[in-house]
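1. Below: sequence and its predicted model.
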Amino acid sequence: MPEFTPRPGQSVEGYDVLARRGTDYYAAFADIPADDRAHWQRAQSFIDEVGDRMQQAWDTAEYPVELAARMGELDLFVDGIAHPSLTPMSLLAAGLVNMEISRGDGSLGTILAVQGGLALRTLALFGSPQQQEQYLVLLARGEVLGSFALTEPDHGSDSVSLETVARRDPSAGSATAGWVIDGAKKWIGNGASGGITFVWARIDDEGAPEHGHVRCFLVPQETPGYAGTVITGKASLRGIHQAHIVLDGVRVPADAVLPGAKSFKDASTVLYSTRSGVAWSALGHATACYDAALSYAQQRVQFGKPLAKFQMVQERLTHMLEDLTAMQLYCRWMADLETAGRLRPTQASLAKFHNTRAARRIASTARDLLGGNGILLENGVMQHMADIEAIHTYEGTESVQALLIGRDITGMSAFA
């Protein structure tokens with residue numbers, strides 16, 4: 001590119017607002033153990049390596065699957081899951097990795113959540129020894145992409161009412177026969193990427209003890225009857241493909257069932273863990289927006305002085321820092337509670353509820369503070385602002401989180 005030459009009316013070519021500032025006003029992460037910090041720094045190096053590539057991918061709605069494999073090479077998918085075949089990673093380290101990846105790019109954050117938080121966790125918690133031997137390490141390394149198919153076109157917030165069904169395969173004529181799965185799923189990350197899908201379905205087997213129960217099935221995506229279509233037209237998380245899946249007479253063997261997944265409660269166990277991850281992801285997005293706003297305010301000159309010298313701008317930055325610091329404290333304390341085995345599901349819900357709402361406020365203020373430059377993808381804020389809208393919804397909408405928390409604090413359920 002030609003060297004920039006200042007002209008009347010344009011003194012600078014652009015603004016450097018994507019740099020990491022290490023914002024931590026209350027030193028919430030100052031005492032991170034060395035092992036945890038090493039995981040975090042590996043995530044930082046990865047973001048520095050792929051930032052430009054992901055910005056391009058987001059702009060063109062392309063899923064660069066080679067970067068998912070790269071994340072596996074760097075052992076970033078473990079997500080604090082304890083298993084003998086996986087590299088040890090504390091829950092705090094998992095949160096910091098999630099935060100850093102989302103600070104760099106929301107689509108990468110969702111790849112992390114789907115591959116590690118959902119697919120890998122489901123297999124590690126509920127899979128048979130044979131299923132784990134075949135796929136666990138491959139998922140952790142990103143050599144096989146995994147997806148978690150729970151949400152349906154008709155059932156999002158009420159996913160407990162899922163209608164996808166699994167029936168005994170009538171062609172086998174045996175109690176040990178395989179299964180035939182029929183139904184539809186939507187918003188499934190990696191669901192059309194050629195890997196494996198963990199399909200949650202309701203058992204339809206009259207007279208059997210498990211009739212009506214929700215079980216999980218390991219389904220290779222090349223199985224006949226499985227059709228995953230990439231959802232297009234997204235204005236958020238454009239750098240990862242999410243799928244609308246149709247399951248039309250999908251036949252799987254008896255050993256496709258994950259033996260440890262026996263009810264919807266087991267699906268909820270996975271979701272509770274990833275709900276914590278959403279709170280960390282929101283913190284990453286918000287950090288990027290705050291850092292961009294502060295950097296821009298220090299560099300942008302208007303009316304003869306930097307924006308940072310204006311009282312109104314300093315007040316806005318203070319409001320943003322107030323929200324960001326609260327988000328950091330939520331996440332740090334949540335990790336400590338979870339490590340001690342004392343984190344309740346509704347505490348994870350409160351962290352998610354608070355952090356995605358706060359991230360929205362920070363992103364909106366940052367976009368406004370950057371003025372017209374705020375809508376340029378090169379400055380990051382608009383992309384984060386759009387991606388925050390997705391994480392604000394998934395793993396339970398704001399309204400659902402409020403009802404879960406409300407039921408906990410009042411002792412009375414407001415669910416219909």
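-> Done, it's in.
2. And the closest residue in space to residue 321 that isn't next to it in sequence, its phi and psi?
-> Using C-beta to C-beta, 6 or more residues apart in numbering and skipping the chain neighbours, the partner closest in space to residue 321 is residue 25 (5.9 Å). For glycine as for every other residue, the C-beta is placed from the backbone atoms N, C-alpha and C. Dihedral angles of residue 25 (phi, psi; degrees, to the nearest 10) stand at phi -60, psi -30.
3. neighbours around residue 25, how many?
-> By other C-beta atoms under 10 Å, the residues close to residue 25 number 10.
4. Quick one: residues contacting it.
-> 321, 324, 325 (C-beta atoms under 8 Å, 6 or more residues apart in numbering).
5. Report the mean per-residue pLDDT for stretch 123-141.
-> The average pLDDT for stretch 123-141 rounds to 98.
6. Looking at the contacts of residue 25, state which has the most neighbours.
-> Going by other C-beta under 10 Å, residue 324 tops these with 25 neighbours.
7. quick one: it from residue 277, how far?
-> According to C-beta to C-beta, to the nearest Å, residue 324 stands 18 Å off from residue 277.
8. now residue 157
-> Computed as C-beta to C-beta, the residue 157 to residue 277 distance reads 19 Å.
9. Comparing those two, which residue is more hemmed in?
-> Taking other C-beta under 10 Å, residue 157 and residue 277 do not tie; residue 277 has more neighbours (28 against 13).
10. you'd agree the more buried one is up against residue 99?
-> No. Between residue 277 and residue 99 there is no contact under C-beta atoms under 8 Å: 9.5 Å.
11. Just the buried positions in the lengthiest helix in the chain, please.
-> Counting residues, the longest helix in the chain under DSSP state H turns out to be helix 264-299. Buried residues in helix 264-299, counting neighbours by 16 or more other C-beta atoms under 10 Å, are found at 264, 266-297.
12. Equivalent analysis for stretch 315-333, please.
-> Quick answer for stretch 315-333 (16+ other C-beta under 10 Å): 316, 317, 320, 321, 323, 324, 325, 327, 328, 330, 331, 332.
13. ok so, going back, for the longest helix of the chain, name the packing helices and strands.
-> The contact analysis (3 or more C-beta pairs under 8 Å, 6 or more residues apart in numbering; DSSP states H and E) places helix 264-299 against helix 91-104, helix 106-112, helix 121-126, strand 214-220, strand 305-306, helix 311-339, helix 345-369, helix 381-393.
14. Now tabulate these in JSON lines and tack on distance to residue 67.
-> Formatted as JSON lines, the helices and strands packed on helix 264-299 follow (distance: least, C-beta to C-beta, whole Å):
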{"stretch": "helix 91-104", "distance to residue 67": "11"}
{"stretch": "helix 106-112", "distance to residue 67": "7"}
{"stretch": "helix 121-126", "distance to residue 67": "21"}
{"stretch": "strand 214-220", "distance to residue 67": "23"}
{"stretch": "strand 305-306", "distance to residue 67": "36"}
{"stretch": "helix 311-339", "distance to residue 67": "25"}
{"stretch": "helix 345-369", "distance to residue 67": "23"}
{"stretch": "helix 381-393", "distance to residue 67": "16"}
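15. nearest to residue 9, of these?
-> Among these, the nearest to residue 9 by C-beta to C-beta is strand 305-306 (18.0 Å).
16. quick one: average pLDDT of that closest one?
-> Rounded mean pLDDT across strand 305-306 is 97.
17. Identify the residues contacting it?
-> By C-beta under 8 Å, 6+ apart, the list of residues contacting strand 305-306 from outside reads 297, 298, 299, 300.
18. these two touch, right, the third one and residue 19?
-> What that stands for is residue 299. No. Residue 299 is not in contact with residue 19 according to C-beta under 8 Å; the separation is 10.9 Å.
19. count of neighbours near residue 390?
-> If we define neighbours as other C-beta under 10 Å, then residue 390 has 22 of them.
20. Kindly provide the distance from the nearest residue to residue 294 once chain neighbours are set aside to residue 309.
-> With C-beta to C-beta, 6+ apart as the criterion, residue 294 has its nearest non-adjacent residue at 6.0 Å, and that residue is residue 317. According to C-beta to C-beta, residue 317 stands 12 Å off from residue 309.
21. Same question for residue 208.
-> The gap separating residue 208 from residue 309 is 72 Å, by C-beta to C-beta.
22. And for residue 143?
-> Distance, residue 143 to residue 309, using C-beta to C-beta: 52 Å.
23. now residue 157
-> Counting by C-beta to C-beta, the separation of residue 157 from residue 309 is 46 Å.
24. try residue 144
-> 54 Å.
25. Look at these two and report which has more neighbours.
-> residue 144 (22 against 14).
26. I figured that one hits residue 195, correct?
-> Yes. Using C-beta under 8 Å, residue 144 is in contact with residue 195, at 5.0 Å.
27. what about residue 414, how many neighbours?
-> Residue 414 has 10 nearby residues by other C-beta under 10 Å.
28. Show me which helix or strand of the chain is least confident by mean pLDDT.
-> helix 398-410 (a mean of 92; mean pLDDT, DSSP states H and E).
29. now that helix, how far from the chain's geometric center?
-> With C-alpha atoms, centre = their mean, to the nearest Å as the basis, helix 398-410 stands 21 Å off its chain's centre.
30. Counting by contacts, list what it packs against.
-> helix 345-369.
31. Report the angle between the helix it packs on and helix 91-104.
-> 30 degrees (axes from the mean of the first three to the mean of the last three C-alpha atoms, to 10 degrees).
32. elements contacting helix 345-369?
-> Helices and strands touching helix 345-369, by 3+ C-beta pairs under 8 Å, 6+ apart, are helix 264-299, helix 311-339, helix 381-393, helix 398-410.
33. looking at the ones you listed, which is closest to residue 81?
-> Using C-beta to C-beta, those put helix 264-299 closest to residue 81, at 8.6 Å.
34. and the following helix or strand past the closest one, average pLDDT?
-> With elements assigned by DSSP states H and E, the helix or strand that comes after helix 264-299 is strand 301-302. Across strand 301-302, the average pLDDT comes to 96.
35. Can you tell me what sits against strand 301-302?
-> Looking at what lies outside strand 301-302 - C-beta under 8 Å, 6+ apart - the contacts are 11, 307.
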